[in-house]
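In: structure of the sequence below:
(chains A and B)
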Amino acid sequence: MASAIELRHVTKRFLTPSGTAYTALRDLDLAVQEGEFCAVVGPTGCGKSTTLALISGLEPPSEGEVRVRDEIVRGVGRDVGYVFQVDAVFPWKSVLDNVATGPRFRGVTRRDADERARDWIKRVGLAGFERYYPHQLSGGMRKRAALAQTLINEPRILLMDEPFSALDVQTRTLMENELLQLWSATRASVVFVTHDLEEAIALADRVVVITAGPGTVKGVYRVDLPRPRNVAEIRFQPEFSRIYQEIWNDLRDEVLVSYERSKRSVS
Amino acid sequence: MSALSAASRNEPARAEDAGGAAAQARARARANRRLLVNGLRVAFAVVILGFWEIGTSIDANHRDGLLIDPFFYGRPSGIASQLWTWIANGTAQGPLWLQIATTLEEAFLGFLIGVVLGVIFGVALGRVRLLSDVFAPYIKALNAMPRVVLGSIFIITIGYGIWSKVALAVVLVFFVVFFNAFQGVREVDRVLIANARILGASERQLSTHVILPSALSWILASLHTSFGFALVGAVVGEYLGAIHGIGLIIATAQATFNPNGVFAAMFILAVVALTAEVALTWLEGRLIKWRPNTITDVRI
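Out: Numbering: from 1, shown residues only, chains lettered A, B, ... in the order given. Down below sits the predicted model:
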């Protein structure tokens, strides 16, 4: 099976304001299959978000090669959707205009774009809120709008950067279930970045653990839980806790390393 | 001003969620509060003007020395009668409305041209790093200079007509708007730009859909200050040399030792500036209706 996303020996360095180089990722290898839901977990500051920026084409790698659907990534591609950690809906556009933005940018007429947007607004459960501005919505509703805004472009590659981390636990579980539902209809290849191991296992086919920065792959785990899944209940299955324990053994060391570092940099 | 308009914008939202007696009590509390504020405002004006008026008529030390000398400081009743004379009989330069219209025309033209130029240059330099690096020292130098002195140059080169005043107003307005537009473009949320690029925005769409709307609240905030500057430019320009205008009235009043005339012209300017302020606040509300209403600190 062909890989939808492939990162080969990828290193990413940033220039810090003081003029030194900061290595976010070192020699990272990662492959995501067509239609696969892949979760990436790791401690804070391990370069998880950087990985997504490289796949999306927002940032070029310093070394190595990033391929999306067998083509080397040069700039932002048309097949990619990206749900950001913070609110990224445009505050000056209504829900309808926000969701219609993607098709409008891609040359669809206003009427067709609006029609598709209405359909997607319904699918994410925001029907009736078309004329509202983001500041009039709750955090969960803004996230729904962001999902619709991304999914309306029908991306083959869906990148998600801790999309639900700012939501309360109940809303979060709800949104996770809805994400799985929407995803099962599109079967896009997903890279879902999170620091929450439970969320990663509940959603993904495969979990990739990244080391404390500079990030590189520490381990890859298959999650053979049946689909369709109910995120709220899957946590009680014995298989779930077995996988959780297995991955946590790996992740714990990295979290400790990252924690020790942050303590040192504070003191 | 802005607190008042924010309160009135909140009203429909509040009326929806409130029911029956509680809503009435709240409406009453709000009405009482408004009465109190307006009453105190009138009282403040009465005290100041009253003190001024009475001070110009009482003999402070029984030797014909008045507490406030109306020869230098004018008096409210004198200012009112001066205004009435101008309205009824016109000024030395012609009818009053012509003077007001001239100043307004200069200020508006200067304001418009200054805003357009400021936005264009601000957005361009905010978007293109090289341009801003090259021009930064020149703009800082020009901004540090007291630009009112350019008025003399404009009078010499452009003449006594309205365009020399427009030019001065443009120079004053430009920098205020420029710096705000520039900052507004620089402060655009990186995530919003990334999101727009992922969604498929071209460079031009990035400007029109993300950068301009985001910078708009900065630009609109600068318009309040910059209309004031436009008036300053027009009036100072007229002061330096003109055929018509409120600045010329002030200059004439000064030359004839007529403080009532200076104050009356000031009063007219204040009315003009306040009217423009109200219009700009209304425009701002229309253009950025997406922004959350600020919650007023009125206790209910």
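
In: okay, CA-based contacts and neighbour counts for the rest of this
Out: Will do.

In: in the helix or strand harbouring residue B:35, what's buried?
Out: Secondary structure from DSSP states H and E places residue B:35 in helix B:20-55. Using 16 or more other Cα atoms under 10 Å in any protein chain shown as the test for burial, helix B:20-55 gives B:26-27, B:30, B:52-53, B:55.

In: how much space separates residue A:252 from chain B?
Out: Relative to chain B, residue A:252 is positioned 31 Å away (Cα to the nearest Cα, to the nearest Å).

In: mind checking the end-to-end distance for stretch B:149-167?
Out: From the first residue to the last, stretch B:149-167 extends over 12 Å; the measure is Cα to Cα, to the nearest Å.

In: same thing with stretch A:225-232?
Out: For stretch A:225-232, by Cα to Cα, the gap between its terminal residues amounts to 14 Å.

In: to the chain's geometric centre, what's the distance from it?
Out: 19 Å (Cα atoms, centre = their mean, to the nearest Å).

In: same question for stretch B:240-250.
Out: In terms of Cα atoms, centre = their mean, the gap separating the centre of stretch B:240-250 from the centre of its chain is 20 Å.

In: would you mind writing the CA trace of it as CSV?
Out: What follows is stretch B:240-250, C-alpha atoms only, in CSV (Å, rounded to 0.1, in the frame of the first residue of the first chain):
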residue,chain,number,x,y,z
LEU,B,240,-0.8,81.3,8.6
GLY,B,241,-2.6,82.9,5.7
ALA,B,242,-6.0,82.4,4.1
ILE,B,243,-8.9,84.1,2.4
HIS,B,244,-11.7,82.3,4.3
GLY,B,245,-11.9,79.9,7.3
ILE,B,246,-12.3,79.6,11.0
GLY,B,247,-8.5,79.9,11.5
LEU,B,248,-8.6,83.2,9.8
ILE,B,249,-11.5,84.4,12.1
ILE,B,250,-9.3,83.4,15.1
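
In: and it, which residues are buried?
Out: By 16+ other Cα under 10 Å, the buried positions in stretch B:240-250 come out as B:241-242, B:244-250.

In: which of those sits closest to residue A:215?
Out: Checking the buried residues of stretch B:240-250 against residue A:215 by Cα to Cα gives residue B:247 as the nearest, at 68.3 Å.

In: and the contacts of the host helix or strand of that closest one?
Out: If you go by DSSP H and E, residue B:247 is part of helix B:246-255. For helix B:246-255, the surrounding residues in contact (Cα atoms under 8 Å, 6 or more residues apart in numbering or on different chains) are B:91, B:93, B:99-100, B:103, B:234-239, B:241-242, B:259, B:261-262, B:265, B:269.

In: filter these to the buried ones?
Out: The buried subset of the contacts of helix B:246-255 (16+ other Cα under 10 Å) comprises B:91, B:99-100, B:103, B:234-239, B:241-242, B:259, B:261-262, B:265, B:269.

In: shouldn't residue A:27 be within a strand?
Out: Yes: when DSSP: H, G, I helix; E, B strand; the rest coil is applied, residue A:27 is found to be in a strand.

In: from chain B, how far off is it?
Out: In terms of Cα to the nearest Cα, residue A:27 sits 25 Å off from chain B.
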